[in-house]
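Student: Just a sequence and a predicted model for now, questions to come.
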Amino acid sequence: MMVRTLSLRLLAAALLFGGAGIAQADSLAQLRQFMDGTRSARGSFNQQVLSKSGRKPQQASGTFAFSRPGKFRWTYEKPYAQLLVGDGSKLWAWDQELNQVTTKKLGQALGSTPAAILAGDNSLEKNFTLKDDGTADGLEWVEARPKADDSSFERIRMGFSGGQLKAMVLHDNFGQTTSLSFLQMERNPTLDAGLFRFVPPKGADVIGD
């Protein structure tokens with residue numbers, strides 16, 4: 001249940017920011033290159049959630065697609081089936097096992113969240129304080145700290161290579177760390193508009209707006 005709650009908060013609030021000098025220019029430049037040059041994308045992801053207590057990490061995986069601004073589809077396939085869809089005006093979260101749908105207005109759901117980075121409208125400086133966070137694991141990292149006091153996240157780190165987003169690490173206000181690695185990301189594909197539409201399944205319990 002913790003991972004279910006986290007996945008909704010992760011993308012809904014909803015599912016892609018130490019050196020100095022040249023390294024600093026590279027990491028922030030790659031962030032802006034990705035944001036400015038990516039209108040849509042699709043691929044797969046692996047997710048690991050580490051709790052503050054340090055107990056065994058929880059693993060998840062699935063696929064994603066987004067079309068900016070505000071449209072995304074984030075599908076968890078393992079260890080359970082869950083779907084998050086942003087249709088441009090609302091966020092829909094469907095827990096297939098419970099057959100329960102949670103919905104809310106997309107503007108309220110995004111805010112200063114990872115989904116705002118992936119599927120937002122490029123207003124990064126409006127919602128986040130950005131800084132270079134050095135090089136590690138072969139990636140150039142940028143740190144983003146939400147400006148909003150009510151954000152669920154303390155900070156978000158994004159790792160880039162060659163202008164491509166490869167990883168995100170999210171530190172929330174409950175001491176949990178969520179690591180995401182993006183695999184086989186295809187930038188600017190033509191995506192079927194149907195990916196970003198959601199109709200609650202028959203018999204589903206719908207909660208929210």
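Tutor: Perfect, thanks for sending it.

Student: the strands in this structure, which residues?
Tutor: Counting by DSSP state E, the chain has strands at residues 40-50, 58-67, 71-78, 82-87, 90-95, 100-105, 128-136, 139-146, 153-161, 164-172, 177-187, 205-208.

Student: Dump these to TSV, plus mean pLDDT, distance to residue 198 and mean neighbour count.
Tutor: Glycine gets a C-beta too; all of them are placed from N, C-alpha and C. Listed next are the strands of the chain as TSV, based on pLDDT from 0 to 100; distance: least, C-beta to C-beta, whole Å; neighbours: other C-beta atoms under 10 Å:
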stretch	mean pLDDT	distance to residue 198	mean neighbour count
strand 40-50	93	17	18
strand 58-67	92	13	19
strand 71-78	90	9	21
strand 82-87	91	4	22
strand 90-95	91	4	23
strand 100-105	91	8	18
strand 128-136	92	28	17
strand 139-146	93	27	22
strand 153-161	92	25	21
strand 164-172	92	24	20
strand 177-187	92	22	16
strand 205-208	93	11	12
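
Student: Nearest to residue 196, out of the ones you listed?
Tutor: Among the strands of the chain, the nearest to residue 196 by C-beta to C-beta is strand 71-78 (4.1 Å).

Student: Mind giving me the packing neighbours of that closest one?
Tutor: helix 2-11, strand 58-67, strand 82-87, helix 114-119 (3 or more C-beta pairs under 8 Å, 6 or more residues apart in numbering; DSSP states H and E).

Student: what lines up beside the second one in the sheet?
Tutor: Strands flanking strand 58-67 in the sheet, each with its direction: strand 40-50 (antiparallel), strand 71-78 (antiparallel) (DSSP bridges).

Student: So for it, could I get the coordinates as CSV, restricted to C-alpha?
Tutor: Extracted C-alpha coordinates of strand 58-67, given in CSV (Å, rounded to 0.1, in the frame of the first residue of the first chain):
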residue,chain,number,x,y,z
GLN,A,58,10.4,-1.9,-2.9
GLN,A,59,10.8,-2.5,-6.6
ALA,A,60,8.4,-1.5,-9.4
SER,A,61,8.5,-1.2,-13.2
GLY,A,62,6.4,-0.2,-16.1
THR,A,63,6.0,2.1,-19.1
PHE,A,64,5.4,5.8,-19.6
ALA,A,65,4.4,8.3,-22.3
PHE,A,66,3.9,12.0,-22.2
SER,A,67,2.8,14.8,-24.5
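
Student: picking that back up, now the strands paired with strand 58-67 in TSV, with distance to residue 135?
Tutor: Below are the strands paired with strand 58-67 laid out as TSV (distance: least, C-beta to C-beta, whole Å):
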stretch	distance to residue 135
strand 40-50	21
strand 71-78	28
